[in-house]
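Asker: just coords:
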């Protein structure tokens, strides 16, 4: 898996891209949700740069799982996910990325196991339990 500079827009976008792929496929509604936020501009990326991050992630996932079906290749192991999450150290950027990930995961009004696993890992690694609680209580 390629690395990006700490707190770079690319490192942040890759986490959002992982959330988009966590259920094993890229949904048009998830792409629309990121575009509507506007996710890539909030992270400091042009649409072309966003596509580059997404393309790079897909290449990395396929290269690390050459014999797996796409849905299985979309998952990263716990150590790799921790390393990717560690590239984001800025608390405000962590909150922004988590917000985008939640928006992507909620767009189809259900959480898959892959989405829940990724979100739980981010919340745990980044110590953002209170932000998730605030998000959930704001919805209700």
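Answerer: Sure thing, it's come through. From a predicted model like this one, the values you see are computed outputs, not experimental measurements. Numbering: from 1, shown residues only.

Asker: would you map the strands across the protein?
Answerer: According to DSSP state E, the chain carries no segments that qualify as strands.

Asker: residue nearest the centroid of it?
Answerer: residue 16 (2.4 Å; CA atoms, centre = their mean).

Asker: count of neighbours near the nearest residue to that one once chain neighbours are set aside?
Answerer: With sequence-adjacent residues excluded and distances taken as CB to CB, 6 or more residues apart in numbering, residue 16 is closest to residue 100, at 4.7 Å. Heads up, the C-betas are built off the backbone N, CA and C, glycines and all. Applying the criterion other CB atoms under 10 Å, we find 24 residues in the vicinity of residue 100.

Asker: before we move on, what about residue 126?
Answerer: Number of residues near residue 126 (other CB under 10 Å) recorded here: 20.

Asker: just checking, it touches residue 89?
Answerer: No: the pair residue 126 and residue 89 does not pass the contact test of CB atoms under 8 Å, sitting 9.1 Å apart.

Asker: counting by contacts, list what the longest helix anywhere in the chain packs against.
Answerer: Longest helix in the chain, counting residues (DSSP state H): helix 47-64. In terms of contacts (3 or more CB pairs under 8 Å, 6 or more residues apart in numbering; DSSP states H and E), helix 47-64 is packed against helix 9-21, helix 39-42, helix 70-73.

Asker: and the angle for it with helix 9-21?
Answerer: Interaxial angle, helix 47-64 versus helix 9-21 (axes from the mean of the first three to the mean of the last three CA atoms, to 10 degrees): 60 degrees.

Asker: mind listing what's buried in helix 47-64?
Answerer: 50, 53-54, 56-58, 60-61 (16 or more other CB atoms under 10 Å).

Asker: what's the closest of those to residue 85?
Answerer: In terms of CB to CB, no member of these lies closer to residue 85 than residue 57, at 14.1 Å.
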